[in-house]
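Participant: Got a predicted structure here, sequence first:
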Amino acid sequence: MTQDVETAGVQATWTQEPPQRTRGRAAAPRERVPWWRGAWAVAFAVLVVFNLIWALPTYLTFDPALSRIPLSPNFPGHLHYPTVVIHAITGNVTMVTGFLQLLPWLRRRSVRFHRVSGWLYVFAGALPAALLGLALLPFSQAPTGRVGLFGMAVAWIVTTVQGYRMQRAHRYAEHRRWMYYSFALALGTSWGRVVVIFMGITGVQFDMMLFLEAISWGWVLNVLVAKWLVERRRRRPARAAA
């Protein structure tokens, strides 16, 4: 998971800006904005910290009585709770390493760190979390939402594997686009937790059946936002050349 290779016949590194031409005078240097001043970075950072504080500590107690989801006695080997714990841990590994992958200054500073954290994202985070999610789904006690969560898990596996394959083939622009989609799917259930906290603070209530079905499809909105970001970045070289 290394430097991006821009298309349109021009190879550019993360530290280089595409050449810009203006009529009659040189283009003014483009000011770099610190990553922490970007709205997307702040939102993702808050979401990552929220998941680490809200979900992970409960499962690190290894106490089944504190499980945030009902446990089924029919799970093979009575391993429902250990599976949930591993799913929560790998999910948080995904969040942290995925966020690190998106930091431009970190990619520029250390390609090795970017590659190692990307490897952890794929093999210690996204893939095991998605596969465990599929294993847990048939034993969910929720009255609805299984179809949306199944679609999210399958799409997450597909985009992550495809992103990894593109990296191995040194097709870095395509790798980067697929990993955008993968991380968008990784955030699929996070917004539901935020809404639950919002309901607890404000006292606002929603129909439970509608709420569960809606949050199970929240990943679709994430993917659409990722698609918009991908297309926006793809159009940048053309605008710069113009």
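Facilitator: Ah, there it is.
Participant: Check which residues of stretch 54-74 are buried.
Facilitator: Buried residues in stretch 54-74, defined by neighbour count with 16 or more other C-beta atoms under 10 Å: 55-56, 59, 67, 71. All C-beta atoms are positioned from the backbone trio N, CA, C, and that covers glycine.
Participant: Let me know the closest of those residues to R234.
Facilitator: Distance to R234, by C-beta to C-beta, is smallest for A55 among the buried residues of stretch 54-74, at 34.4 Å.
Participant: That closest one against N92, yeah?
Facilitator: Yes: shown here, A55 and N92 form a contact pair, counting by C-beta atoms under 8 Å, at 7.1 Å.
Participant: Can you pull out the low-pLDDT segments for the chain?
Facilitator: Residue ranges of the chain with pLDDT under 70: 1-40, 236-242.
Participant: residues contacting the residue nearest to the spatial centre of the chain?
Facilitator: Residue closest to the average C-alpha location in the chain (C-alpha atoms, centre = their mean): F183, at 2.2 Å. F183 makes contact with 98, 101-102, 226 under the criterion C-beta atoms under 8 Å, 6 or more residues apart in numbering.
Participant: With T160 as the reference, measure out to it.
Facilitator: Distance, F183 to T160, by C-beta to C-beta, to the nearest Å: 9 Å.
Participant: Kindly report the same for N51.
Facilitator: Counting by C-beta to C-beta, the separation of N51 from T160 is 18 Å.
Participant: Correct me if wrong: L136 contacts V85.
Facilitator: No: with contact defined as C-beta under 8 Å, L136 does not reach V85; the gap is 11.2 Å.
Participant: N92: neighbouring residues, count only.
Facilitator: N92: 19 surrounding residues under other C-beta atoms under 10 Å.
Participant: got the contact list for the nearest residue to it once chain neighbours are set aside?
Facilitator: Closest residue in space to N92, ignoring its immediate chain neighbours: L56 at 5.0 Å, by C-beta to C-beta, 6 or more residues apart in numbering. The contact partners of L56, taken as C-beta under 8 Å, 6+ apart, are 88-89, 92.
Participant: and which of those residues is nearest A41?
Facilitator: Closest approach between those and A41, by C-beta to C-beta: N92, at 18.5 Å.
Participant: just how off-centre is the helix or strand hosting the closest one within its chain?
Facilitator: Assignment of secondary structure by DSSP states H and E places N92 within helix 80-101. Between the centre of helix 80-101 and the centre of its host chain there is 11 Å, according to C-alpha atoms, centre = their mean, to the nearest Å.
Participant: How about it, which residues are buried there?
Facilitator: Neighbour-count burial for helix 80-101, counted by 16+ other C-beta under 10 Å, picks out 80-81, 83-85, 87-101.
Participant: same for that helix, what does it pack against?
Facilitator: Counting contacts by 3 or more C-beta pairs under 8 Å, 6 or more residues apart in numbering; DSSP states H and E, helix 80-101 is packed against helix 39-54, helix 56-60, helix 111-120, helix 127-136, helix 172-186.
Participant: by contact count, what packs against the helix or strand following that helix?
Facilitator: Sequence order places helix 104-109 as the next helix or strand after helix 80-101, per DSSP H and E. Counting contacts by 3+ C-beta pairs under 8 Å, 6+ apart, helix 104-109 is packed against helix 111-120.
Participant: Check the offset of the helix it packs on from the chain's centre.
Facilitator: Mean-position distance between helix 111-120 and its chain equals 16 Å (C-alpha atoms, centre = their mean).
Participant: which residues does F113 contact?
Facilitator: F113 touches 100, 106, counting by C-beta under 8 Å, 6+ apart.
Participant: Looks like L134 contacts F150 (just checking).
Facilitator: Yes: at 7.2 Å, L134 and F150 qualify as touching, with contact defined as C-beta under 8 Å.
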